[in-house]
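1. what follows is a predicted structure for the sequence shown.
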Amino acid sequence: MVTPDALRILCIEVEADIVAVNRLLEELNDARRRVADEPSQQELSHIAYMLHSIYTAWEGAFHRIATTFENRLDPARWHEQLLRRMSLAIPHIRPAVIRKELLEDLATLRSFRHFFRHSYAVPLRWHKMQIPLDSVDQAAATVNASLRRFLDVVEEIAEKAGEDPS
């Protein structure tokens, strides 16, 4: 059983992730407005870094939720498993965090993040970055709103768990 204090800590940490994502989204949108039709590698790198960071912050929030409630992920495939798990309601443990409709956009961002981390000598191409940019546009408001709704439920669980049963 998760303690009320652990649930409150989870809420604070995930809220910090949401705030970080919102700041990163603003920076990404500012960068996109400033770029030319064919951005330089430096501009592309900045935008790619923002995409990487946004997904990483979401994944960090999801990972905190999973380790707080389920505590088991397959070390070999945990990134993929984590996304699927967040779309599942686990009876008597926790509600779903995100809707299944978000999985495709989040998987696209996860793939882009993997590419960005591991492709040291591959130049970035603006036309290829449109797919993850579209995915972040599709997912941004919905993921953050989903996380906030989930946190509301977690706070209710923490309050009920902290009540004196007598």
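-> Perfect, thanks for sending it. On a predicted model such as this, the values are computed, not experimentally measured, just so you know. Numbers count the residues shown, from 1 in each chain.
2. show the backbone phi and psi for the nearest residue to Asn22 once chain neighbours are set aside.
-> In this structure, Asn22 finds its nearest non-sequential neighbour in Asn144, 6.9 Å apart by Cβ to Cβ, 6 or more residues apart in numbering. C-betas here are computed from N, CA, C, even on glycine. When quoted as degrees, to the nearest 10, the phi and psi of Asn144 stand at phi -60, psi -40.
3. what's the answer for Ile90, then?
-> phi -110, psi 100.
4. verify the contact between it and Thr68 for me.
-> No: counting by Cβ atoms under 8 Å, Ile90 sits too far from Thr68 to count as a contact (11.9 Å).
5. thinking again about what came up before, what is the neighbour count of the residue nearest to Asn22?
-> 18 (other Cβ atoms under 10 Å).
6. residue contacts, it?
-> Neighbour list for Asn144: 18, 21-22 [criterion: Cβ atoms under 8 Å, 6 or more residues apart in numbering].
7. between Ile90 and Thr68, which one's more packed in?
-> Ranked by neighbour count (other Cβ under 10 Å), Ile90 and Thr68 place Thr68 first, with 19 against 11.
8. before we move on, the earlier item: show me which of the contacts of Asn144 is closest to Thr56.
-> Val21 (9.6 Å; Cβ to Cβ).
9. now the closest one. Nearest residue, chain neighbours left out?
-> With Cβ to Cβ, 6+ apart, the residue lying closest to Val21 is Ala57, at 4.8 Å.
10. and that neighbour, how many neighbours?
-> Around Ala57 there are 22 other residues, counting by other Cβ under 10 Å.
11. quick one: the helices in the chain?
-> For the chain, the helices defined by DSSP state H cover 4-34, 41-69, 78-86, 103-118, 126-162.
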